[in-house]
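Peer 1: sequence and predicted structure below; questions after.
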Amino acid sequence: MFEQDKEITIAIIISTGLMIIFVGIIIAAIVKYQRRTRKYLQEMSNLKIRYQEETIKAQIEKEEQTLNRISQEIHDNIGQILSLVKLNLNTLELSDCDCTVKNKITSTTDLVGKAINDLRQLSKSLNSQHLSSGYLSDSLKTELEIMNKTGIYDADVKVTGEEKPFSPQKQLIIFRIAQEALNNIIKYAKADHISISLIYFPQLLDLFIVDNGVGFNHTIDDTKEPKQSGTGIENMYHRANLIGATIEIKSVIGNGTSVHLSIPVN
């Protein structure tokens, strides 16, 4: 009887041990499967992100090529034609003209000269090579000078801290984000004052663009993507993601809009 109980006990122990081993194998298989699933999902997510980034990069490159061609056309063709017009006006003999005609020719020459200078500035703001070669603040100042000359805006740029150069591609993307914000102000804000602030920290640049316009209803969802916004604002978010920057847009109806772009320096 004792031997029989001993055998039963041993059988129970062995069965329990085998059961534990079997359960352990099942748990290990489940954990392994879950790890593989997570790894697969992560890889798919990374592939999706890389695909989106490459798509946006291709779109940006295409846009820059178009803008560079326009810049070249302005510089080589339109600018050259206006320069010839100004040269012809300067070679006119004004001594035999009456005072009214002389004043009109002089005024026209001045206007053509102003148009040439404005086109040169516009050409610079479109040319990616020029924008990425100097300091970011210089490109922004040139952009605001064009706006100030209209007489509609009072715009200024303020730099705090030691300005640091970015890589050409990164600086170009930052400028295009700022340019998109300024274009939105021109199209929709009905503002008359624009302030751009560049605040440099050792490892960070905070860029603020603030206007005193009419404002708009702007919200973002949990994915940090804008809702009920135009493609211009969507492009700003996409470009910011490309360079590892964060962007925050705050707007109050009747109380203007502020754009805050935070960019890692390195």
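Peer 2: Sure, I can see it.
Peer 1: which elements pack onto the helix or strand residue 62 falls within?
Peer 2: Element membership for residue 62 (DSSP states H and E) is helix 2-73. In terms of contacts (3 or more C-beta pairs under 8 Å, 6 or more residues apart in numbering; DSSP states H and E), helix 2-73 is packed against helix 99-126, helix 128-131, helix 168-184, helix 231-242. Yep, even glycine has a C-beta here, placed from its N, CA and C like the rest.
Peer 1: worst mean pLDDT among these?
Peer 2: Lowest mean pLDDT of the helices and strands packed on helix 2-73: helix 128-131, a mean of 68.
Peer 1: quick one: average pLDDT of the next helix or strand after it?
Peer 2: Counting by DSSP H and E, the next helix or strand C-terminal to helix 128-131 is helix 136-148. Average pLDDT, helix 136-148: 90.
Peer 1: related to what we said a few turns ago, ok, which of the helices and strands packed on helix 2-73 comes nearest residue 149?
Peer 2: When the helices and strands packed on helix 2-73 are compared for distance to residue 149 using C-beta to C-beta, the nearest one is helix 99-126, at 7.0 Å.
Peer 1: flag every buried residue along the closest one.
Peer 2: Residues 109, 112, 116, 119, 122-126 are the ones in helix 99-126 that count as buried (16 or more other C-beta atoms under 10 Å).
Peer 1: repeat for stretch 232-247
Peer 2: For stretch 232-247, a neighbour-count test (16+ other C-beta under 10 Å) marks 233, 235-243, 245, 247 as buried.
Peer 1: so which of these comes closest to residue 39?
Peer 2: Set against residue 39, the nearest of the buried residues of stretch 232-247 by C-beta to C-beta is residue 241 (23.6 Å).
Peer 1: lowest-pLDDT helix or strand in this protein?
Peer 2: Here the helix or strand of the chain ranked lowest by mean pLDDT, DSSP states H and E is strand 226-227, holding a mean of 50.
Peer 1: and the furthest pair within the buried residues of stretch 232-247?
Peer 2: For the buried residues of stretch 232-247, and using C-beta to C-beta, no pair is farther apart than 233 and 243, which are 16.8 Å apart.
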